[in-house]
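Novice: Sequence unavailable; structure follows:
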């Protein structure tokens, strides 16, 4: 097999600004890896994340020599081992999964035992803004069963009340993105207990996890920035009741599948999440979602334009991509012309 690999940057403008406690973005800046062999192409996408000191340029620089080495010796495992968990490894790992499926006709679902659900509830995100603006945004998605609320340390109670009043039939994932202190978290205990909260996601900075020792709130706290790979899980017991599996943190589907089983064995609830990116980045995560209690995979919903044949998010539910889009063993490339 002659293997040719290419990595490139792609920018996807957003339909509206996406704000969290760390800042605002107006485009999804992603890296795409294409693995060419036998006239077929496997594709993978990742989102470099500044929180982890990643940039598009840095990820491309990481990938360059690894792709060259892989093209020469064809040792996929050795090539992946050259990359740390993160965006570069994710894009390459997912491209190789897709290529193997196309070459063999054996789908990712068959290999992993993780089929993509035909319909899936995903959280849809209300990004950080004034309480009034967040209420308006929540009203627009009030038919979604699950809403993620981005918050900061600035008046989180008012923002929570505004969203809850506008979407009275929804459940909520509260996500401060490490933006709270323990005092803020505990001060909101009564309000959070009164709301239909599914999860409170990473309220404290990752380095402040120890402050959750012995804390027993009336809701489940989910680790995000505090957990990247399976080796991180054991230290989170007694602090978090759930973990967020993201391919851009694990370094691809291979580690994420192993991590899912490890997390289950340790008794964690599971959510599969994403960065803001296209359907190409989300398609592999759909395999994890069927094995998790929660999914937060609305990244493509934020794009002004997604790929043809990509997934759809309507009323808080995902319809999977069209046949041949990613990982299903269909060799046709028509969706990508």
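Specialist: Received, thanks. Owing to the predicted nature of the structure, the values given are computational and were not obtained by experimental measurement.

Novice: Leaving out sequence neighbours, find the closest residue to residue 58.
Specialist: With Cβ to Cβ, 6 or more residues apart in numbering as the criterion, residue 58 has its nearest non-adjacent residue at 6.8 Å, and that residue is residue 48. (Glycine included, C-beta is placed from N, CA and C.)

Novice: Check the gap between that neighbour and residue 79 for me.
Specialist: 19 Å (Cβ to Cβ, to the nearest Å).

Novice: Same question for residue 34.
Specialist: 15 Å.

Novice: residues in contact with stretch 318-335?
Specialist: 40-41, 43, 94, 97-98, 101-102, 104-110, 116-122, 279-280, 283-284, 286-287, 289, 295, 297, 307-312 (Cβ atoms under 8 Å, 6 or more residues apart in numbering).

Novice: Please apply the same query to stretch 247-265.
Specialist: With contacts defined as Cβ under 8 Å, 6+ apart, stretch 247-265 is touched by 44, 46-47, 49, 52, 80, 83-87, 89-94, 97, 108, 112, 114, 227-230, 233, 243, 245, 270, 272, 274-275, 281, 284-285, 287-288, 291-292.

Novice: about what we covered before: out of residue 34 and residue 79, name the residue with the larger neighbour count.
Specialist: residue 79 (23 against 19; other Cβ atoms under 10 Å).

Novice: if I read this right, the more buried one contacts residue 68, doesn't it?
Specialist: No - Residue 79 lies out of contact with residue 68 (Cβ atoms under 8 Å); the separation is 9.7 Å.

Novice: what are the ranges of the helices in the stretch 51-200 of the chain?
Specialist: Using DSSP state H, counting those that start in this stretch, the helices found in the stretch 51-200 of the chain span residues 56-73, 76-81, 87-104, 108-112, 131-140, 156-166, 182-187, 189-194.

Novice: nope, the stretch 201-337 of the chain is what I was after
Specialist: According to DSSP H, counting those that start in this stretch, the helices that the stretch 201-337 of the chain contains are 247-250, 253-265, 279-282, 285-289.

Novice: Apart from its chain neighbours, what residue comes closest to residue 137?
Specialist: Per Cβ to Cβ, 6+ apart, closest to residue 137 is residue 126, 4.7 Å.

Novice: can you pull up the bridge partners for that neighbour?
Specialist: Following DSSP bridges, residue 126 is listed with bridge partners residue 149.

Novice: Just give me the neighbour total for it.
Specialist: 29.

Novice: Pull the contacting residues for it.
Specialist: Listed by Cβ under 8 Å, 6+ apart, the contact partners of residue 126 are 134, 137, 138, 141, 147, 148, 149, 150, 163.

Novice: Could you list the low-confidence segments of the stretch 1-150 of the chain?
Specialist: 1 (pLDDT under 70).

Novice: could you redo the last one with a cut-off of 90?
Specialist: 1-2, 16-26 (pLDDT under 90).

Novice: Buried residues, stretch 159-178. List them.
Specialist: By neighbour count with 16 or more other Cβ atoms under 10 Å, stretch 159-178 contains the buried residues 159-164, 166-167, 170-178.

Novice: State the mean pLDDT of it.
Specialist: When pLDDT is averaged over stretch 159-178, the result is 98.

Novice: centre of the chain versus it, how much separation?
Specialist: Stretch 159-178 sits 20 Å away from the centroid of its parent chain (Cα atoms, centre = their mean, to the nearest Å).

Novice: for stretch 121-130, same thing?
Specialist: 14 Å.

Novice: which of the residues in that stretch are buried?
Specialist: 121, 122, 123, 124, 125, 126, 127, 128, 129.

Novice: pretty sure the third one is touching residue 173, no?
Specialist: Yes - in this structure residue 123 lies within contact range of residue 173 using Cβ under 8 Å: 5.3 Å.

Novice: Give the residues shared as contacts by these two.
Specialist: Shared contacts of residue 123 and residue 173, counting by Cβ under 8 Å, 6+ apart, come down to 146, 147, 148, 294, 296.

Novice: my guess is the third one contacts residue 176, does it?
Specialist: Right, residue 148. No - with contact defined as Cβ under 8 Å, residue 148 does not reach residue 176; the gap is 11.2 Å.

Novice: the domain parsing of the chain - what is it?
Specialist: 4-106, 120-319 (automatic domain parsing).

Novice: can you list those in a markdown table and add distance to residue 326?
Specialist: Formatted as a markdown table, the domains of the chain follow (distance: least, Cβ to Cβ, whole Å):
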| stretch | distance to residue 326 |
| --- | --- |
| domain 4-106 | 5 |
| domain 120-319 | 4 |
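
Novice: Could you list which residues are in contact with residue 227?
Specialist: Going by Cβ under 8 Å, 6+ apart, residue 227 touches 233, 236, 240, 243, 244, 249.

Novice: go on, residue 163?
Specialist: Residue 163 neighbours (Cβ under 8 Å, 6+ apart): 126, 134, 135, 138, 147, 149, 172.

Novice: Now, of these, which are buried?
Specialist: Taking 16+ other Cβ under 10 Å as the criterion, what is buried in these is 126, 134, 135, 138, 147, 149, 172.
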